[in-house]
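Undergrad: just a sequence and a predicted model for now, questions to come.
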Amino acid sequence: MSQTPVAAGPGPGSPVPGPGFTRIALVAGEASGDLLGAGLIAELRKRYPDAEFAGVGGDRMRTAGFDAWHDASELAVMGLAEVLRHLPRLLRLRRALRRRLLEWRPDVFIGIDAPDFNLGLERSLKQRGVRTVHYVSPSVWAWREQRAAKIGQSADRVLCLFPMEPAIYARHGVDARFVGHPLADEMPLQPDRAPAREALDLPHEVTVLALLPGSRLGEIDRLGPTLLEAASRVAAAWPDLHVVIPAANHACCAALERLLSDCPFPIPRCRLIDGNARTAMVASDVVLLASGTATLEAMLAKRPMVVAYRVAALTYRLVKGLGMLKVDRYALPNVLAGERLVPELMQHDCTPETLAGATLRWLREPATVAALQPRFEELHLHLRRDASAQAADAVVELLGAKAGTRDPGLGQAGTRDPGPGTREKQ
């Protein structure tokens, strides 16, 4: 994606000329946001060598030169009950953070994912003259498209990881840019199975099934027993099968240990590992997994997959009945391709029998697996755009386009007029 130069002379990635210095605020709410933030900071520093970066982030962002006023873990709250329990603390944190940001007077605020926390903060800052960017669009392509207009009330610019997203925002008059996906930049086009198996101490000649029942405890409770029974059925039909189950974190590991100990279905040669989901996928012959970002990672690992998805029955009826769900495809490889490349078995179709049958079809049809590889590689190349650099260019362009429209206490992008209580960089 080409970018409009901020000023005559330098191209994308070049240092931005001008007096003074730039303050860039970021808020990242979990490990994935910390990774995105670190890459973005590294690229923005190339363009603004003297910039200051501050806000909420994790260890990777700190290593990139970020002043973390709060740690990203303070926002990492999942599940309705947990959110309600932490809501008073999160609201206090957001109010305190807003006050501190307005005192610090950043040139731009970048909210990285965490939409429940960031979009309200962005909207408040935008109303007070701060330029705002939201990095990682919520899944407006899948459901509640009308959110796009509300997101535009919070963000001057939305940075999208998927190519189908900007057109949705355009329908609502929102400036959105496709920057590519960092995972596509990070993962090789041709992952090597042999070292992945060595890393997990798996024999080279056996068949390996990677089983990923989700990264949240609710997903594991809903899908875990079904996926384990499906794996047992596959193992019964495929005698040399080894099953590897990577747990997303310690809590998920404990939950999966309980499920395995209570599982009435035999799964010989089954191993639960702590983390290493990507290695497990690359080591595998087939991946059986919950719908979500992991399906994208399995696609980038070039592995055939079977995608499972199930929500509470009442939630499903409400979402379908109110017309909030806008897509017929859920798995990201299918959404990106615009066709069904991999089986996705949802709700009532998500049974041990159907999941096992779809998994065995991949094992029994190597020609079908081979035909899948060039499609996955094509999608990988489409997402591989040097996402952090593209995102940085979009931020720089916004700063240049909006220069001179700010609060009178701020001059051009990168220029700060001293005011009472404003600390100047020496």
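TA: Ah, there it is.

Undergrad: low pLDDT regions in the stretch 201-350 of the chain?
TA: 311-327 (pLDDT under 70).

Undergrad: now the helices for it?
TA: All helices of the stretch 201-350 of the chain, identified by DSSP state H, counting those that start in this stretch, fall at 217-237, 250-262, 277-283, 293-300, 313-321, 332-337.

Undergrad: how close does residue 136 get to residue 299?
TA: Separation of residue 136 from residue 299 (CB to CB, to the nearest Å): 18 Å. In short, each C-beta sits where N, CA and C put it, glycine included.

Undergrad: neighbour count winner among those two?
TA: residue 299 (31 against 23; other CB atoms under 10 Å).

Undergrad: how close does that one get to residue 372?
TA: Distance of residue 299 to residue 372, computed by CB to CB: 9 Å.

Undergrad: do residue 37 as well
TA: Distance from residue 37 to residue 372, counting by CB to CB: 33 Å.

Undergrad: these two: which is more packed in?
TA: Taking neighbours as other CB under 10 Å, residue 37 and residue 372 compare with residue 37 leading, 31 against 19.

Undergrad: and residue 61, what element?
TA: According to DSSP states H and E, residue 61 maps onto helix 59-63.

Undergrad: can you name the next helix or strand after that helix?
TA: Remark: after helix 59-63, the chain's next helix or strand is strand 67-71, criterion DSSP H and E.

Undergrad: that next one - contacts with which helices or strands?
TA: Packed against strand 67-71 by the contact rule (3 or more CB pairs under 8 Å, 6 or more residues apart in numbering; DSSP states H and E) you find strand 52-57, helix 80-104.

Undergrad: the inter-axis angle of that strand versus strand 52-57?
TA: Comparing the axes of strand 67-71 and strand 52-57 via axes from the mean of the first three to the mean of the last three CA atoms, to 10 degrees yields an angle of 10 degrees.

Undergrad: strand 67-71 vs helix 80-104, what angle?
TA: Orientation check (the same axes, to 10 degrees): strand 67-71 against helix 80-104 gives 150 degrees.

Undergrad: and strand 67-71, which strands flank it?
TA: Note on strand 67-71: by DSSP bridges, its sheet partners are strand 52-57 (parallel).

Undergrad: mean confidence for the partner strand?
TA: Average pLDDT, strand 52-57: 96.

Undergrad: contacting residues around that strand?
TA: 21-29, 33-34, 37-38, 41, 44-45, 61, 64-72, 74-75, 97, 101, 104, 106, 109, 425 (CB atoms under 8 Å, 6 or more residues apart in numbering).

Undergrad: buried residues in it, which are they?
TA: By neighbour count on 16 or more other CB atoms under 10 Å, the buried set for strand 52-57 is 52-57.

Undergrad: and the two most separated of the residues you listed?
TA: With distances taken as CB to CB, the most widely separated pair in the buried residues of strand 52-57 is 52 and 56, at 14.9 Å.

Undergrad: now do the closest residue to residue 35 other than its chain neighbours, the pLDDT please.
TA: Nearest in space to residue 35, with sequence neighbours left out and distances taken as CB to CB, 6 or more residues apart in numbering, is residue 60 at 5.8 Å. We have a pLDDT of 94 for residue 60.

Undergrad: could you measure from residue 60 over to residue 286?
TA: Residue 60 is 32 Å from residue 286, by CB to CB.

Undergrad: out of these two, which sits in the more crowded spot?
TA: In this view residue 60 and residue 286 are compared by other CB under 10 Å, and residue 286 has more residues nearby, 26 against 20.

Undergrad: and the closest residue to that one other than its chain neighbours, how far from residue 396?
TA: What sits nearest to residue 286 in space, not counting adjacent residues and going by CB to CB, 6+ apart, is residue 362, at 4.7 Å. Remark: distance between residue 362 and residue 396 (CB to CB) = 44 Å.

Undergrad: more neighbours, those two?
TA: Taking neighbours as other CB under 10 Å, residue 362 and residue 396 compare with residue 396 leading, 28 against 22.

Undergrad: list the residues that contact residue 334.
TA: Contacts of residue 334 by CB under 8 Å, 6+ apart are 340-342, 344.

Undergrad: how does the protein divide up, domain by domain?
TA: 23-180+385-401, 186-383 (automatic domain parsing).

Undergrad: quick one: the shortest one to chain centroid distance?
TA: Put plainly, it is domain 23-180+385-401. Computed by CA atoms, centre = their mean, to the nearest Å, the chain-centroid distance of domain 23-180+385-401 equals 13 Å.

Undergrad: go on, stretch 289-300?
TA: 11 Å.

Undergrad: pull the CA atoms of that stretch into CSV?
TA: Taking Å, rounded to 0.1, in the frame of the first residue of the first chain, the C-alpha atoms of stretch 289-300 are listed here in CSV:
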residue,chain,number,x,y,z
LEU,A,289,-8.8,-26.3,16.6
ALA,A,290,-11.2,-23.7,17.9
SER,A,291,-12.2,-20.9,15.5
GLY,A,292,-10.2,-17.7,16.1
THR,A,293,-6.8,-16.2,15.4
ALA,A,294,-5.2,-19.7,15.7
THR,A,295,-6.8,-20.6,12.4
LEU,A,296,-4.7,-17.8,10.7
GLU,A,297,-1.6,-19.2,12.4
ALA,A,298,-2.4,-22.7,11.1
MET,A,299,-2.9,-21.3,7.6
LEU,A,300,0.5,-19.5,7.8
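
Undergrad: report the buried residues of that stretch.
TA: For stretch 289-300, a neighbour-count test (16+ other CB under 10 Å) marks 289-292, 294-300 as buried.

Undergrad: could you do stretch 348-364 as well?
TA: 350, 352, 354-360, 362-363.

Undergrad: filter these down to the ones in helices?
TA: Among these, the residues falling in helices (DSSP state H) are 352, 354-360, 362-363.

Undergrad: pull the number of nearby residues for residue 392.
TA: By other CB under 10 Å, 26 other residues sit near residue 392.

Undergrad: setting aside sequence neighbours, what's the nearest residue to it?
TA: Using CB to CB, 6+ apart and skipping residues adjacent in sequence, the residue nearest residue 392 is residue 43, 3.6 Å away.

Undergrad: likewise residue 59?
TA: Spatial nearest neighbour of residue 59, excluding adjacent residues (CB to CB, 6+ apart): residue 34 at 6.9 Å.

Undergrad: so where does that neighbour fall, helix or strand?
TA: helix 31-47.

Undergrad: report the inter-axis angle for that helix versus helix 293-300.
TA: Angle, helix 31-47 to helix 293-300, by the same axes, to 10 degrees: 60 degrees.
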